[in-house]
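> give the three-dimensional model of this entry:
(chains A and B)
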Amino acid sequence: MTTIAEELARLEEIVRRLESDDVELDAALALFEEGVSRLRAARERLLTAELQVQAVLEEAGGDLRTAELDD
Amino acid sequence: MSLSIPSLAIAPTDAVWSVSQLTTAARRLVESGFMPIWVRGELVGCKAWPSGHWYFTLRDATSQVRCCMFKLDAQRAGKPPADGTEVFALCRPGIYEAKGEFQLKVTRIIPTAAIGRQQQELERVRAVLQKDGLFDLARKRPLPEYASAIAVVTSRAGAAVGDIITVSRKRWPCARLFVLHARVQGDGAVDELVRALRRVNRLKVDLCILARGGGDKEDLAAFNAEPVCRALAAVRVPTISAVGHEIDISFTDLVADVRAPTPSAAAELAFADQREVLRQLDDLAARLGSGLGGRARLATERLERTRDRMQGAVAALVERHHHQLERLGAQLDALSPLRVLDRGYAVPVALDGRVLKRRAEFLPGERFRLRVADGDVPARVEPE
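The predicted model follows:
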């Protein structure tokens, strides 16, 4: 899954290309559609996310494992 | 000789205090007048009672004051200092009502020599870290713009972890926090902090926060320890040190890439604000719409230009054809027989309208008409 940072960067690129003069109309439409669906997904992701908090523990063998942190 | 009677000096309306009322009032007055304070002095005559309490005297060249230290604080302090030790004592001034005595209730004792040693150790650590460049501004890394996974090294018993969770949940709920527990004060704190910081390098995180809540100087000692500072410097992702409250500074604050005054402030620095990003998305949505609008306008303009050019082409075509028609018309005109008549020719036409073209068509005596430019002339074929 891409990060929000990557999503924002891609959206910024889409908007910049749409704003430039050298993109054909059908390419512009495709960019627009991609932009709209990415925007919707990013917004959804931000609004439905729940913070994950995990404790990092070291096992006897030296491996790390995570466990839900009871706060 | 007359004897004065003291009782006569007291009017019936004068208030009379009992001793205990007075000592209680004095105690309240003294206790409300001071916050806990540090007092420096020479400690003498310390007696540890079976109850666990300690009683001793603090003095300097000209004054002395009685002190007591209750069981729990005395246990924490360990052994009573030797007679004559110079100490700093953390205390609250008060009055011991049973004896009407001014006294200090002491909660902590630190020999001044120990402070001296601590100070020397601090100076040593500062010097070596400085020499090795751990405080250099040039090695400070910028924090990631949108961190999504963060390691938090702190005590799970402290308030820091709760503060960080609260702020993170509000600012950037799509984040993951990895909490690495370490004691942050007392025996073993240095080792545990070093181990936790090393573990951070085995996690996939964007950032590391080293945190604890505020406390007195002693409690910050682990964050001034050389091994902890070096382990922090070796963390491979950018680091934030949030170790004291605003007034305390530790060496980890100087080694970390960024210093935050409190754990909450560290979480604010660590995470982007979701509301900001939502606003940014709104802005992108608006630009997306107007960007497409612009493209569509451009396309319409291009179509309009094309239509204009087509219309122009058709008009030019029509114009050209018009000229051609005129020329043809002129040619036709020139070919018209009437034009020929103009030049003096005449056309014989039989009475039935036939044009007479051959000699045999002219019968002697027959009438016909001669068509000239401006009309007909009657004519007859002469006999041969």
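
> can you give me the strands in chain A?
A:52-58, A:64-68 (DSSP state E).

> need the contact partners of the longest one.
Among residues not part of strand A:52-58, those counted as contacts by C-beta atoms under 8 Å, 6 or more residues apart in numbering or on different chains are A:64-69, A:71, B:151, B:156, B:165, B:175-181, B:195, B:199, B:203. (Each C-beta comes from the backbone N, C-alpha and C, glycine too.)

> among these, which ones are buried?
Listed as buried from those are A:69, B:151, B:156, B:165, B:175-181, B:199, B:203; burial here means 16 or more other C-beta atoms under 10 Å in any protein chain shown.

> among these, name the ones in helices.
Secondary structure defined by DSSP state H assigns B:165, B:199 of those to helices.

> from the buried ones among the contacts of strand A:52-58, pick the one nearest residue A:9.
Within the buried ones among the contacts of strand A:52-58, proximity to residue A:9 (C-beta to C-beta) peaks at residue B:175, which comes in at 18.4 Å.

> OK, contacts around that closest one?
A:51-52, B:147-150, B:168, B:271.

> try residue B:20
If you count contacts by C-beta under 8 Å, 6+ apart, then residue B:20 has residue B:97 around it.

> tell me the residues of chain A that contact chain B?
Taking C-beta under 8 Å from any C-beta of the partner chain, the part of chain A that reaches chain B is made up of A:3-5, A:8, A:11-12, A:14-15, A:18-19, A:21, A:23, A:25, A:28-29, A:31-32, A:35-36, A:39, A:42-43, A:45-47, A:49-56, A:58, A:64, A:66, A:69, A:71.

> can you turn the buried part of those residues into a PyMOL selection?
Restricted to buried positions by 16+ other C-beta under 10 Å, the PyMOL selection for the residues of chain A next to chain B reads:
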select buried, chain A and resi 4+5+8+11+14+15+18+23+28+31+32+35+39+42+46+49+51+52+53+55+56+69
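
> mind pulling the model confidence for the residue in the stretch 51-200 of chain B that chain A sits nearest to?
When you check the stretch 51-200 of chain B against chain A by C-beta to the nearest C-beta, the closest residue turns out to be residue B:174, at 3.5 Å. Reading off the confidence values, residue B:174 has pLDDT 86.

> and residue B:246, by the same measure?
Among the per-residue scores, residue B:246 shows a pLDDT of 58.

> how many other residues sit next to the nearest residue to residue B:222 once chain neighbours are set aside?
Spatial nearest neighbour of residue B:222, chain neighbours left out: residue B:189 (3.9 Å); criterion: C-beta to C-beta, 6 or more residues apart in numbering or on different chains. By other C-beta atoms under 10 Å in any protein chain shown, the residues close to residue B:189 number 20.

> show me what contacts the residue of chain B found nearest chain A?
Among the residues of chain B, residue B:291 lies closest to chain A, at 3.0 Å counting by C-beta to the nearest C-beta. Listed by C-beta under 8 Å, 6+ apart, the contact partners of residue B:291 are A:15, A:18-19, A:28, A:32.

> and if you look at residue B:206?
If a contact means C-beta under 8 Å, 6+ apart, then residue B:206 has B:144, B:147-150, B:237-238 as its contacts.

> make it 10 Å
Each residue near residue B:206 by C-beta atoms under 10 Å, 6 or more residues apart in numbering or on different chains is listed here: A:3, A:5, B:143-151, B:175-176, B:237-238, B:270.

> just these: which are in strands?
Mapping those onto strands (DSSP E) picks out B:149-151, B:176.

> for chain B, what helix or strand is lowest in average pLDDT?
The weakest-scoring helix or strand in chain B, judged by mean pLDDT, DSSP states H and E, is helix B:337-342 (a mean of 73).

> show the subsequent helix or strand relative to that helix.
Using DSSP states H and E, the helix or strand that follows helix B:337-342 in sequence is strand B:347-349.

> residues contacting that next one, please?
Residues contacting strand B:347-349 (C-beta under 10 Å, 6+ apart): B:337-338, B:340-341, B:354-357, B:361-362, B:368-372, B:376, B:379, B:381.

> rerun at 7 Å
Strand B:347-349 is contacted from outside by B:337, B:341, B:355-356, B:368-371, using C-beta atoms under 7 Å, 6 or more residues apart in numbering or on different chains.

> roughly how far is that strand from the heart of the chain?
109 Å (C-alpha atoms, centre = their mean, to the nearest Å).

> next SSE downstream of it?
Following the chain from strand B:347-349 toward its C-terminal end, the next helix or strand by DSSP H and E is strand B:367-372.

> mind listing what's buried in that next one?
Residues of strand B:367-372 classed as buried: B:368-369, B:371 (neighbour count, 16+ other C-beta under 10 Å).

> what's the following helix or strand after it?
Moving toward the C-terminus from strand B:367-372, the first helix or strand encountered (DSSP H and E) is strand B:375-380.

> related to what we said a few turns ago, out of the contacts of strand B:347-349, which comes closest to residue B:13?
residue B:337 (159.2 Å).

> for the residue in chain A that chain B sits nearest to, give me its contacts.
Among the residues of chain A, residue A:18 lies nearest to chain B; the distance is 3.0 Å by C-beta to the nearest C-beta. By C-beta under 7 Å, 6+ apart, the residues touching residue A:18 are A:28, A:31-32, B:288, B:291-292, B:295.

> can you tell me the helix or strand for the spatially most central residue of chain B?
Closest to where the C-alpha atoms of chain B average out (C-alpha atoms, centre = their mean) is residue B:272, at 4.3 Å. For residue B:272, there is no helix or strand it lies in under DSSP H and E.

> how far away is residue B:293 from residue A:20?
Separation of residue B:293 from residue A:20 (C-beta to C-beta, to the nearest Å) stands at 14 Å.

> now do residue B:104
As defined by C-beta to C-beta, residue B:104 lies at a distance of 77 Å from residue A:20.
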